[in-house]
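**Student:** I'd like to go over a predicted model; first the sequence, then the structure.
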Amino acid sequence: MLNPANRQALTQQLRPPAGFRLAHAVGTTFTLDMTSALSVPLSFVAGSGEEFTNPVAVLSALRKVSDRVDIFCQAGHIKAPSDASDLLALLEPMVHQVSVKRGLFHPKVWLLEFDNDGERRYRFLCSSRNLTTDASWDLLVRLDGQPVRDVADVGPDSGPLARFIAGLPSLCTVKPDPDRLARVRGLASRLANVRWDLPEDIHRLAFRPMGMGEEFEQGSIVAHIRDPENFIALNNKTGNAAFLGREKLVISPFLDDRLIGRLQDRWTENLFVYSRGDQLDLLNEKTVADTRTTFQAFDELGIPESADSGLSEIGESGIQKVADDLTGLHAKAYFCDYDHFTYALLGSANATEAGFTKNVEFLLEMRGAKKRLGVQRIRESMKDVPFAVYDGTGGQARSEEDKAAFRLENALRDAAAHRFLLDAVPDGGPKNAFTVTVSHDWSPKPEFNATLRLLSLPQPSAVVELSSGPHGHSFHSIPLADVTPYLVLTLEDPEARLSKSTVIQGSLRTDPEGRLDEIVARQLDDPQKLRQFLLLFLTPEDALPGSGTGTGWFASSGFGDGSTAGLFEAMVGAMAGPDASSVFPDLKVVMDRLLALRGDDPEIQQLHALWTAATDALDMGELHGV
């Protein structure tokens, strides 16, 4: 079941099936790297054939599909990029930061709906992977599904998944617009009749969202681990009489004595625990000394890209920055051999009390034949993963540096959960310049220094005072394309000499007209970029390489030599496409800029005339109901 040699990027798993296009995607992550999020739309544009490093391809993909993608992430864990691209502003409609009353928002799932002329396909990804660039070892389970007419033929109950998806918008710190809210709920409602294909060697499966009020039935492994006194184990017993199998295996970067103790029941013969050495050190000595338990520590030196510690570079002030995400081991999985079966849990929950009782998490609970899925087979499949026998004794205390880093993270999460309201008004200075004001009621604790700035500009930063009550900050002479609801909050702990930053999603109450169009125009600053954008934008999303409608014809259509002949073909083809009524209005800012840059070029004039004729024809068609 585990195949550590099978390394794939998340974006590969997001790609639509051949002939299908994205209808809607909902993803969740604890940590969000904004630069990584830019690559998600590219996954859904099969005809682009472009690399993530091509900003024009990213821009085109964002303009095409951002209204069909929603990503939910933990407030206070949006990574602040070192160099903020203009393109990050186009993530605004699709990224939603959330805050929960207790614990953390920690699930890592994707629900995808694809369409081919009314035919629907679905995909569900349940993983331990955040939407970041780190080189962690993660696990992922993929389910593919399709609608069926006979409800009895559906298989795994999609109800828990549907309720989880439908409940996500209620956790947002900034309420999604009504159209997005309706689309998310509509997607959830269509899951009732989806039949999911089970993974190889799995013959029973259940969706297990935690932390959002979902109730689980008796006999659920997740329910028993959460509440062993009230939910029966595999032997139909509770409490001290409960039994989850003689052999068990746990993979988790974080763990605590309480959860490991629940798996070290009196019937256990072998418990294999795979974790990080620094976390195993924090276990109680009695837990580590249990002779039935074998501990394996992940060797981070075996992963060249991983960091050696939880801290990153030292800034100019000598203050060390806290790393934004865990590296090395990040997978979470649980296996229990009972009778002739193996029961497995895979997903986001660490082997901690908080992971199973406080956080919002998502796991898949599965059952398969022990001869195919057993603990010993899982151990054999992991032989090439860099684990080493843990030779410590546990009993260590958490370092003061770690405690200080946790305090910083908690303070950032608390700050990001507050409302930050922004207004942008013309400041009377240079053309298209604005004064952006930020108001909020958050104040840092006395031990921290806090600064706030706009994500789009590295300077200036406003100091957030310690005083209680409302705060206001003003940023002057901000170009239209740099107006943003995204703020960067940096906290410093001078005594511990640590700092950490996060991006906060504010609410832009007065959003200047044409702001996002200005960002697009600023990206397309020469004719070649404009041509490239138009070709990519007009290419159908479900185009296949070599089909004559994808990038395969770019080279023979003027893409590389500076001519615009290929654009005529692309535009004529797009006029006949199903998205013509939405595609052509979106191109106005691009076409106007193209005309402004090269308005004296006869070919550009012809292209602009063709575009004008196309939009007029579409307008007439809508007017007459065609």
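**Tutor:** That came in fine, so what should we check first?

**Student:** For residue 28, identify the helix or strand it belongs to.
**Tutor:** Assessed by DSSP states H and E, residue 28 sits inside strand 21-29.

**Student:** And the contacts of that strand?
**Tutor:** For strand 21-29, contacts defined as C-beta atoms under 8 Å, 6 or more residues apart in numbering pick out 14, 16, 40, 44, 46, 65, 68-74, 105, 107-116, 120, 130-132, 165, 168, 183-184, 187, 362, 540-542. Every residue, glycine included, has its C-beta placed from N, CA and C.

**Student:** Stretch 390-408 now?
**Tutor:** Contacts of stretch 390-408 (C-beta under 8 Å, 6+ apart): 277, 280-285, 287-289, 295-297, 310-311, 322, 448, 491, 493, 496, 498-500.

**Student:** Now, these that are in helices?
**Tutor:** 277, 280, 285, 287, 288, 289 (DSSP state H).

**Student:** Redo these as TSV? Include pLDDT.
**Tutor:** Putting the ones in helices among the contacts of stretch 390-408 into TSV (pLDDT from 0 to 100) gives the following:
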residue	pLDDT
277	94
280	97
285	97
287	96
288	97
289	96
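
**Student:** With distance to residue 218 added, can I get those residues in CSV?
**Tutor:** As requested, these are arranged in CSV below (distance: C-beta to C-beta, whole Å):
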residue, distance to residue 218
277, 37
280, 33
285, 35
287, 28
288, 33
289, 34
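
**Student:** Can you select the buried ones among those for me in PyMOL?
**Tutor:** Applying 16 or more other C-beta atoms under 10 Å to the ones in helices among the contacts of stretch 390-408, the buried members can be selected in PyMOL as follows:
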select buried, resi 277+280+287+288
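
**Student:** What is the nearest of the ones in helices among the contacts of stretch 390-408 to residue 159?
**Tutor:** residue 287 (36.9 Å; C-beta to C-beta).

**Student:** contacting residues for the nearest residue to that closest one once chain neighbours are set aside?
**Tutor:** Computed as C-beta to C-beta, 6 or more residues apart in numbering, the closest residue to residue 287 that is not its neighbour in sequence is residue 257, at 4.8 Å. Contacts for residue 257 (C-beta under 8 Å, 6+ apart) come out as 283, 284, 287.

**Student:** I'd like to know which of the residues you listed is nearest to residue 347.
**Tutor:** Sorting the contacts of residue 257 by distance to residue 347 puts residue 283 at the head of the list, at 22.4 Å, by C-beta to C-beta.

**Student:** my guess is residue 489 contacts residue 501, does it?
**Tutor:** Yes: Residue 489 is in contact with residue 501 according to C-beta atoms under 8 Å; the separation is 6.6 Å.

**Student:** Overlap of the contact sets of the two?
**Tutor:** Overlap between the contact sets of residue 489 and residue 501, as judged by C-beta under 8 Å, 6+ apart, is given by residue 412.

**Student:** Which one's more surrounded, the two?
**Tutor:** When residue 489 and residue 501 are compared for neighbours, residue 489 comes out ahead with 24 against 21, by other C-beta atoms under 10 Å.

**Student:** got a list of contacts for the strand or helix carrying that one?
**Tutor:** Element membership of residue 489 [criterion: DSSP H and E] is strand 486-493. Here strand 486-493 makes contact (C-beta under 8 Å, 6+ apart) with 80, 88-89, 92, 319, 404, 407-408, 411-412, 415-416, 420, 422, 438, 444, 447-456, 461, 464, 498-506.

**Student:** Only the C-alpha atoms, please, for it, written as CSV.
**Tutor:** Taking C-alpha atoms only, strand 486-493 is exported to CSV below (Å, rounded to 0.1, in the frame of the first residue of the first chain):
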residue,chain,number,x,y,z
TYR,A,486,-2.9,41.2,2.3
LEU,A,487,-0.8,42.4,5.2
VAL,A,488,2.5,41.1,6.6
LEU,A,489,2.7,41.0,10.4
THR,A,490,6.1,40.4,11.9
LEU,A,491,6.5,39.7,15.6
GLU,A,492,9.9,39.8,17.4
ASP,A,493,10.7,38.4,20.8
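
**Student:** can you give me the offset of it from its chain's centre?
**Tutor:** 21 Å (C-alpha atoms, centre = their mean, to the nearest Å).

**Student:** Note down every partner strand of that strand and its orientation.
**Tutor:** Sheet pairing for strand 486-493, assigned by DSSP bridges, gives strand 449-454 (antiparallel), strand 498-505 (antiparallel).

**Student:** And residue 346, its phi and psi?
**Tutor:** The phi/psi pair for residue 346 (degrees, to the nearest 10) reads phi -130, psi 140.

**Student:** For it, the count of nearby residues, please.
**Tutor:** Close neighbours of residue 346, defined as other C-beta under 10 Å, add up to 25.

**Student:** can you tell me how far it sits from residue 601?
**Tutor:** Remark: distance between residue 346 and residue 601 (C-beta to C-beta, to the nearest Å) = 57 Å.

**Student:** what do you get for residue 619?
**Tutor:** With distances taken as C-beta to C-beta, residue 619 is found 26 Å from residue 601.

**Student:** returning to what we had before: the strand holding residue 28 pairs with which strands, parallel or anti?
**Tutor:** According to DSSP bridges, the neighbouring strands of strand 21-29, each with its direction, are strand 69-74 (parallel), strand 109-116 (antiparallel).

**Student:** quick one: which of those is nearest residue 149?
**Tutor:** Scanning the strands paired with strand 21-29 with C-beta to C-beta as the criterion, the closest one proves to be strand 109-116, at 17.9 Å.

**Student:** Next SSE downstream of that closest one?
**Tutor:** Downstream of strand 109-116, the first helix or strand assigned by DSSP H and E is strand 119-127.

**Student:** Which residues does that following strand contact?
**Tutor:** For strand 119-127, contacts defined as C-beta under 8 Å, 6+ apart pick out 10, 13-14, 17, 20, 23, 108-115, 138-147, 161, 190-191, 194, 196, 346-348, 362-364.

**Student:** Walk me through which strands that strand pairs with, and which way each runs.
**Tutor:** strand 109-116 (antiparallel), strand 140-147 (antiparallel).

**Student:** Turn those into CSV, including distance to residue 248, mean neighbour count and mean pLDDT.
**Tutor:** Compiled in CSV, the strands paired with strand 119-127 are given as follows (distance: least, C-beta to C-beta, whole Å; neighbours: other C-beta atoms under 10 Å; pLDDT from 0 to 100):
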stretch, distance to residue 248, mean neighbour count, mean pLDDT
strand 109-116, 25, 22, 96
strand 140-147, 19, 18, 95
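
**Student:** CSV please, covering those strands and showing distance to residue 434.
**Tutor:** Output for those, formatted as CSV (distance: least, C-beta to C-beta, whole Å):
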stretch, distance to residue 434
strand 109-116, 36
strand 140-147, 43
